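my questions concern the predicted model and sequence given below.
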Amino acid sequence: MKYGFENNKFYLELTSSSRPHGNMREEHELRAKEIAENYKDIWISFSAGIDSQSIFLSFRNLGVDTKCAFLYLHGYNDQELTNVRFLENKYNFKAHIVDIDVLAIQKEIEQESIDTDTPGTVNLLHKRFLSQLPDSCTFIQENHNPLVFVGSSPDKLWWYQGYYLPQIARSRAFDSLNRSGNYLFWDDSAEFHLSMLEDDVFKGSLYSAQYIDGNGLKRHNNLVDPYDRWDTYIKPIIYGKYWKDDLVYFPKFAGAVENVPYLTGNPEARKHAVIIPYFELIDFLKNTDSRTQRFYENVNYYKLDNRRKPNV
């Protein structure tokens, strides 16, 4: 995904697919093959969640050796470390543990957040995580939420991306390290996006979003909103659909980010945003001619209600 500013207006450049897409597991296997053929010394950001497990197994099923790194914040994500240890035994590998004192670097990160216009400070924490790995390695991070807002009727569905949201903000943070190696986001292709956005489970969740968003369901004592819908409810069902019991479905814990106050929240997340009608985006991505199209910032920051839905 390419992005930038033109006349102070944010834009995204998206490229359509080059072939018909497969389901999510098939795209995992194809993504692993593509990376293995083009990159060396592959390291996976391994959280023990189902994203990182599926990435690890996609390489292993190809017979490709990878290394796994776990970001450990002592006292904040101890349960996740326990899960990593369980998976080390299950899958017979050894994870590299990067232990960061998250409170000791708070002032440093908060100042860098201001200096680099990166209000989502968790992205700067992940920058420090990557800085502790070999400079020349190929670093892979798992999927980011396919964020689709749901309006008052089925035709009012919008895919959403922005300058301050995790994938772009983290890219900027990683770029500032000036590493000799590469970093890759696992889902960064039209085919992979389509495998999620067109899945029947995902589409069903959009049509039933009123139930999830309005039923008072909570995660970490907060009401579930559109940002949480994928990670909390949709994703595990899709993985269960394709991976069945190949993965370990650990419950979602209030881990590192949720328990460190200065890492939570991103007050600028709704600025410099692009929304594309859901069906229009799918039609564009399904053009198997690798065409590139630029989409410009088109959401007024002050026209977003408290449920974070675009007022369009």
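Nice, thanks for sending it over.

helices of the stretch 1-150 of the chain, residue ranges please.
24-38, 50-61, 78-91, 106-115, 122-131 (DSSP state H, counting those that start in this stretch).

turn those helices into a markdown table, including mean neighbour count.
C-beta coordinates here come from the backbone N, C-alpha and C atoms, glycine included. Output for these, formatted as a markdown table (neighbours: other CB atoms under 10 Å):
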| stretch | mean neighbour count |
| --- | --- |
| helix 24-38 | 18 |
| helix 50-61 | 21 |
| helix 78-91 | 16 |
| helix 106-115 | 13 |
| helix 122-131 | 21 |
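
wait, which of those helices is closest to residue 156?
Closest approach to residue 156 among the helices of the stretch 1-150 of the chain (CB to CB): helix 24-38, 25.4 Å.

now the helices of the stretch 1-150 of the chain in a markdown table, with mean pLDDT?
Listed next are the helices of the stretch 1-150 of the chain as a markdown table, based on pLDDT from 0 to 100:
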| stretch | mean pLDDT |
| --- | --- |
| helix 24-38 | 97 |
| helix 50-61 | 97 |
| helix 78-91 | 96 |
| helix 106-115 | 96 |
| helix 122-131 | 96 |
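
closest one to residue 240 among those helices?
The nearest among the helices of the stretch 1-150 of the chain, by CB to CB, is helix 50-61 at 8.8 Å.

tell me which strands and helices that closest one is in contact with?
Helices and strands touching helix 50-61, as assessed by 3 or more CB pairs under 8 Å, 6 or more residues apart in numbering; DSSP states H and E, comprise helix 24-38, strand 42-45, helix 78-91, helix 235-243.

and residue 107, which of these is closest to it?
Ranking the helices and strands packed on helix 50-61 by proximity to residue 107 (CB to CB) places helix 78-91 first, at 24.3 Å.

alpha carbons only: can I get that closest one in CSV?
Taking Å, rounded to 0.1, in the frame of the first residue of the first chain, the C-alpha atoms of helix 78-91 are listed here in CSV:
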residue,chain,number,x,y,z
ASP,A,78,2.8,-12.7,31.1
GLN,A,79,-0.2,-14.8,30.0
GLU,A,80,0.8,-14.4,26.4
LEU,A,81,4.4,-15.5,27.3
THR,A,82,2.9,-18.6,28.9
ASN,A,83,1.0,-19.2,25.7
VAL,A,84,4.2,-18.9,23.7
ARG,A,85,5.9,-21.5,25.9
PHE,A,86,3.0,-23.8,25.3
LEU,A,87,3.3,-23.4,21.5
GLU,A,88,7.0,-23.9,21.6
ASN,A,89,6.3,-27.4,23.0
LYS,A,90,3.5,-28.1,20.6
TYR,A,91,5.3,-26.9,17.4
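
now the angle between helix 50-61 and that helix, please.
Inter-element angle recorded for helix 78-91 and helix 50-61: 20 degrees (by axes from the mean of the first three to the mean of the last three CA atoms, to 10 degrees).

circling back to that earlier point, nearest to residue 70, out of the helices and strands packed on helix 50-61?
In terms of CB to CB, the element of the helices and strands packed on helix 50-61 nearest to residue 70 is helix 78-91, at 5.1 Å.

which secondary structure elements does the closest one contact?
So helix 78-91, by 3+ CB pairs under 8 Å, 6+ apart, packs with helix 50-61, strand 67-72.

roughly how far apart are residue 44 and residue 28?
The gap separating residue 44 from residue 28 is 12 Å, by CB to CB, to the nearest Å.

hey, what's in contact with both of those two?
Residues touching both residue 44 and residue 28 (CB atoms under 8 Å, 6 or more residues apart in numbering) are residue 55.

before we move on, the earlier item: export the helices of the stretch 1-150 of the chain to TSV and tack on distance to residue 232?
As requested, the helices of the stretch 1-150 of the chain are exported to TSV (distance: least, CB to CB, whole Å):
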stretch	distance to residue 232
helix 24-38	18
helix 50-61	12
helix 78-91	16
helix 106-115	26
helix 122-131	17
